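1. Build me a model from this:
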Amino acid sequence: MSKPARPPRSGAAPVSGTRAGLVVAGFGRHVLVETDAGERVICHPRGKKSQAVVGDRIRWLPSEDEGTIEKIEARSNLFYRQDEMRTKSFAANLDQVLILIAAEPEFSESQLTRALIAAEAERITPIIALNKSDLAEPFARAWARLAPYRAMGYQMLSLAIKPRASATPPDDAQTAELLALLRGKKTLVLGPSGAGKSSLTNLLVPQARVLTAEISQALNSGKHTTTSTTLYWVDADGDGARNTALIDSPGFQEFGLHHIDPMQLANYMPDFKAHAQDCRFYNCTHLHEPGCGVISEVNSTSSPSAISANRYRLYSELFAELSQTRY
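-> Numbering: from 1, shown residues only. Predicted structure coming up:
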């Protein structure tokens, strides 16, 4: 399976008559594009399949009340997942990915690890947010499970986000900390269903439901009405400039990494990378070779290992999975 098409890093001059725009929502072949003046227009590709994703800067050509995508500007990154059947692109040109998981129901460490690897591979800063801090015992257990990730240096937040209809007011200190991390950046919110992504979006963007309804209304003329990923502006400066974007994505239960070379896997896992440089062989798989720095660290008895047994198990399973898809 091929990777998603990437625009070249240096493109040709804009097509005559085209206008600049930012993709803020995607649905099938069509995307919603926001102009520099803040207007929004539905655009579609010239071919059968759209390669534009939320976060893309594009050049588009007006056509009656819609537009045609003429060019996708060069991307700084593209966050996506890939399994045996399909590739799912989430968003492009991101500053960071907020991986939202919950203390209850219990989160999957495998899915968390996969999302972190996908972010590392694209050099996108990941932030781990654990929701439902108000559930004392489940939260304590979940927070303890995340100890290896704190040791790796990942930034971590504790949250207690409530649905809009809840009588419990939001935690102002938590909200302020979250907003400080988001300010001035484009952030993709990623996580499994039930983690609280919609509640987080509604907390930070009170008008989100209204905006979503407007999009659906604009698409009632026979086009797809289900948006897969949507960009919301969290704030706007006094001069109208918008600098803080929250990108809401649909929940997922699986996160394929078939686009990752298994021999590069350790480079995207900070606890492994720190010890892989000590391996005797340059092409070490960290599974059975003599003189392997990773295996030596896992088996260390002189001090607590920086690589937990569970992390090593996840690595071994992922390496086997990715090797089967390539060889």
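
2. Which residue comes closest to residue 252 once chain neighbours are left out?
-> The shortest distance from residue 252 to any non-neighbouring residue, by CB to CB, 6 or more residues apart in numbering, is to residue 192 (6.3 Å). C-beta here means a position set from N, CA and C on the backbone, and glycine is covered the same way.

3. meant to ask about residue 106
-> In space, and not counting its chain neighbours, residue 106 is closest to residue 142: 7.2 Å by CB to CB, 6+ apart.

4. And the next helix or strand past the helix or strand harbouring residue 33?
-> Taking DSSP states H and E as the criterion, residue 33 maps to strand 30-35. Heading C-terminal from strand 30-35, the first helix or strand you meet, by DSSP H and E, is strand 40-45.

5. end to end, how far does stretch 42-62 reach?
-> Stretch 42-62 stretches 10 Å from its first residue to its last (CA to CA, to the nearest Å).

6. Could you do stretch 273-287 as well?
-> 14 Å.

7. For the strand holding residue 33, which helices and strands make contact with it?
-> Counting contacts by 3 or more CB pairs under 8 Å, 6 or more residues apart in numbering; DSSP states H and E, strand 30-35 packs against strand 19-27, strand 40-45.

8. buried stuff in the first one?
-> By neighbour count on 16 or more other CB atoms under 10 Å, the buried set for strand 19-27 is 19, 21-27.

9. could you give the angle of it to strand 30-35?
-> 140 degrees (axes from the mean of the first three to the mean of the last three CA atoms, to 10 degrees).

10. same deal with the shortest one?
-> Strand 40-45 runs at 130 degrees relative to strand 30-35, counting by the same axes, to 10 degrees.

11. And strand 40-45, how far out from the chain middle?
-> Centroid displacement of strand 40-45 relative to its chain, using CA atoms, centre = their mean, to the nearest Å, is 23 Å.

12. Name the residues that touch it?
-> 21, 24, 29-35, 50-52, 58, 60, 62, 65-69, 218-219, 223 (CB atoms under 8 Å, 6 or more residues apart in numbering).

13. so what secondary structure elements neighbour the following helix or strand past it?
-> Going down the chain from strand 40-45, the next helix or strand is strand 57-63, by DSSP H and E. Contact analysis of strand 57-63 by 3+ CB pairs under 8 Å, 6+ apart lists strand 19-27, strand 40-45, strand 66-72 as its packing neighbours.

14. do that again at 7 Å, thanks
-> Other helices and strands packing on strand 57-63, by 3 or more CB pairs under 7 Å, 6 or more residues apart in numbering; DSSP states H and E, are strand 19-27, strand 66-72.

15. Can you report phi and psi for the residue nearest to residue 106?
-> Dihedral pair for residue 142: phi -70, psi -40, per degrees, to the nearest 10.

16. residues in contact with the residue nearest to residue 321 when sequence neighbours are not counted?
-> Ranked by CB to CB, 6+ apart and with sequence neighbours excluded, the top spatial neighbour of residue 321 is residue 257, at 7.8 Å. Counting by CB atoms under 7 Å, 6 or more residues apart in numbering, residue 257 touches 81, 114, 117-118, 318, 322.

17. Out of those, which one has the lowest pLDDT?
-> Lowest pLDDT of those: residue 81, 92.

18. could you point out which element follows the helix or strand harbouring it?
-> Residue 81 is located in strand 78-82, with elements delineated by DSSP H and E. Next in sequence after strand 78-82, counting helices and strands by DSSP H and E, comes strand 87-92.

19. how about the helices of this protein, start to end?
-> Using DSSP state H, the helices of the chain run over residues 109-121, 136-145, 147-151, 172-182, 197-204, 208-218, 270-276, 293-298, 309-326.

20. what's in contact with the fourth one?
-> Meaning helix 172-182. For helix 172-182, the surrounding residues in contact (CB under 7 Å, 6+ apart) are 127, 157, 159-160, 203, 234, 244, 246.

21. what number of residues lie near residue 160?
-> Around residue 160 sit 17 other residues, with neighbours defined as other CB atoms under 10 Å.

22. pretty sure it contacts residue 135?
-> No. Look at residue 160 against residue 135 with CB atoms under 7 Å: they stay out of range, at 8.5 Å.

23. Any regions of the stretch 1-150 of the chain where pLDDT drops low?
-> 1-3, 5-15 (pLDDT under 70).

24. mind redoing it with 50?
-> Along the stretch 1-150 of the chain, the model assigns pLDDT under 50 to residues 8-11.

25. Buried residues of stretch 31-45, list them for me.
-> Within stretch 31-45, the residues scored as buried using 16+ other CB under 10 Å are 31-34, 40-45.

26. Pipe these into a markdown table and attach distance to residue 186 per row.
-> Converted to a markdown table, the buried residues of stretch 31-45 look like this (distance: CB to CB, whole Å):
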| residue | distance to residue 186 |
| --- | --- |
| 31 | 16 |
| 32 | 16 |
| 33 | 16 |
| 34 | 13 |
| 40 | 17 |
| 41 | 21 |
| 42 | 22 |
| 43 | 20 |
| 44 | 24 |
| 45 | 23 |
